[in-house]
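Colleague: starting from these lines, generate the structure:
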Amino acid sequence: MKLTLIRHGKANDTLSNIKDFDRELTEQGEIELINNIENNITALQSIDLIICSWSKRTRQTCELLCDFITIENNNIIYDDNLYMFENRYDAFIDYLYEYKHKNHICFIGHDYWLSDFAIYLSDNNLRLKTGEIMHISYNL
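Modeller: Numbering: from 1, shown residues only. Next up is the predicted model:
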């Protein structure tokens, strides 16, 4: 199975009086994200399922991705569990089993858990910056 992990684009500052869950992408965040999508477009075309956190900035990230790839709405899942999987890698892998019939799953979520999960799966010690995309092959 191919996994694509996308950390949401740069969002508005947390110092405002907006709840973290409701923070939106900045214009610069959108531009950087679009550039990263365009640079990965060949690999992204095969996505057959998107699982996205419910936060505003991750949903906006998903919408930008969907402007570039073809995927049916019933293959996009907004799941608030992605907002809460921090340090629960075994639970997240169990979550993946539900979708083992898919070939290429894209997760759109948050740091730190997204980077930590990538490290857990790949032994690659790189942290995902906002708007970055990482591809991992994983056997369930």
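Colleague: Three-state assignment for the residue nearest the centre of the chain, please.
Modeller: By C-alpha atoms, centre = their mean, the chain has its centre lying nearest to Ile108, at 1.6 Å. Classification of Ile108 using DSSP: H, G, I helix; E, B strand; the rest coil returns strand.
Colleague: how close does the nearest residue to it once chain neighbours are set aside sit to Leu64?
Modeller: Once flanking residues are discounted, Ile108 sits nearest to Cys52: 4.2 Å by C-beta to C-beta, 6 or more residues apart in numbering. Yep, even glycine has a C-beta here, placed from its N, CA and C like the rest. For Cys52, the distance to Leu64 (C-beta to C-beta, to the nearest Å) stands at 11 Å.
Colleague: and Thr58, by the same measure?
Modeller: As judged by C-beta to C-beta, Thr58 and Leu64 stand 11 Å apart.
Colleague: these two - which one has more neighbours?
Modeller: Neighbours were counted for Thr58 and for Leu64 using other C-beta atoms under 10 Å; Thr58 has more, 25 against 21.
Colleague: wait, that one touches Cys106, no?
Modeller: No: with contacts counted by C-beta atoms under 8 Å, Thr58 stays clear of Cys106, the gap being 11.4 Å.
Colleague: just give the closest residue to Ile93, not the sequence neighbours.
Modeller: The shortest distance from Ile93 to any non-neighbouring residue, by C-beta to C-beta, 6+ apart, is to Leu140 (7.6 Å).
Colleague: what's the burial count for that neighbour?
Modeller: Per other C-beta under 10 Å, the neighbour tally for Leu140 reads 8.
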